[in-house]
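> Got a predicted structure here, sequence first:
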Amino acid sequence: MTRAVLSLGGNLGDREAHLRAAVAALDPYLLVVSGVYETPPWGDAAQPAYLNAAVLVADPAAAPRDWLRRAQRLEAAAGRERDPRRRFGPRTLDVDVIAAWTDDGEPIVSDDEDLTLPHPRAHLRAFVLRPWIDIMPYGQLPGHGWLTDLMNTEAVLADLPGVRPRPDLALES
Ligand SMILES: Nc1ncnc2c1ncn2[C@@H]1O[C@H](COP(=O)(O)OP(=O)(O)OP(=O)(O)O)[C@@H](O)[C@H]1O
Ligand SMILES: Nc1nc2c(c(=O)[nH]1)N=C(CO)CN2
């Protein structure tokens, strides 16, 4: 059994529909869904704003790689194309595995480049941390500490004012 936090985001096409389709496909595993946030592009400024959300999922049968495989399947279903010249460029849907835990609550650590856990840039990203804290207010990012403390770091504080809640786009009915 593993639990995982997945980050969902996209800034091309029907952004809301892509998030909704991903959440619907994850339904068998869904424990909690965050609010939706409109967020400024991180890492590559010349692109439209993103919609971002986070989900907590669980599956008694899933290994960490199964979450990656499912994430990549969701991206493919949204027609995601990779532009090798733009590492952090625009996309219909990005689904990242942010962190995962065994069923006894131990964080899963991996430095495999195909699946690095926790996600190596999560602690720097207001677009990941803000939705995540909605669903795990007392959560910790393994290796980095409390989400509440990460929200107060210089890098994240600089981006937080641009992260706007979109209650009109709630993903849970
Ligand atoms: N925790 C993880 N979650 C998702 N992909 C990962 C993770 N760790 C490593 N990867 C690998 O990263 C590669 C690039 O993934 P992707 O194109 O989604 O990156 P990106 O979204 O552009 O950048 P970032 O990972 O910084 O959000 C994938 O081939 C995937 O195997
Ligand atoms: N705001 C925001 N910026 C990003 C996002 C994202 O989901 N939201 N994903 C990226 C992929 O690495 C790069 N930049």
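Cool, got the structure. Everything numeric here is computed off the predicted structure, so don't read it as measured data. Ligands and ions are numbered 1, 2, ... in the order given.
> I'd like the distance between residue 126 and ligand 1.
14 Å (CB to the nearest ligand atom, to the nearest Å). Quick note: C-beta positions are derived from backbone N, CA and C, even for glycine.
> go on, residue 8?
11 Å.
> what about the residue nearest to that residue when sequence neighbours are not counted, neighbour count?
Nearest residue to residue 8 in three dimensions, chain neighbours excluded: residue 53, at 4.9 Å (CB to CB, 6 or more residues apart in numbering). Using other CB atoms under 10 Å, residue 53 is surrounded by 28 other residues.
> Tell me if residue 53 really is in a helix.
No - Residue 53: not assigned to a helix; according to DSSP: H, G, I helix; E, B strand; the rest coil it is strand.
> just checking, it touches residue 37?
Yes - between residue 53 and residue 37 there is a contact under CB atoms under 8 Å: 7.1 Å.
> list residues touching both of those two?
residue 131 (CB atoms under 8 Å, 6 or more residues apart in numbering).
> what's the burial count for the closest residue to ligand 2 within the chain?
Nearest to ligand 2 in the chain, going by CB to the nearest ligand atom, is residue 9, at a distance of 2.5 Å. By the measure other CB under 10 Å, the count of residues near residue 9 is 26.
> Likewise for residue 145?
Neighbours around residue 145, by other CB under 10 Å: 12.
> Give me the contacts around the longest helix belonging to the chain.
For the chain, the helix with the greatest residue count under DSSP state H is helix 64-77. Helix 64-77 has contacts (CB under 8 Å, 6+ apart) with 2, 4, 6, 21-22, 25-26, 57, 59, 91-97, 100, 108, 110, 114-115, 117.
> Give me the PyMOL select line for those, limited to the buried ones.
A single PyMOL command is used to select the members of the contacts of helix 64-77 judged buried by 16 or more other CB atoms under 10 Å:
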select buried, resi 2+4+6+22+26+57+59+91+92+93+94+95+96+97+100+108+115+117
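> The contacts of helix 64-77 in helices, which ones?
21, 22, 25.
> any chance of those residues in a markdown table, plus distance to residue 49 and pLDDT?
Formatted as a markdown table, these follow (distance: CB to CB, whole Å; pLDDT from 0 to 100):
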| residue | distance to residue 49 | pLDDT |
| --- | --- | --- |
| 21 | 20 | 97 |
| 22 | 18 | 97 |
| 25 | 24 | 97 |
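> Contacting ligand 2 as well, which ones from those residues?
The subset of the ones in helices among the contacts of helix 64-77 within reach of ligand 2, counting by CB under 6 Å from any ligand atom, is empty.
> ok, of those residues, which one's closest to ligand 1?
residue 22 (13.3 Å).
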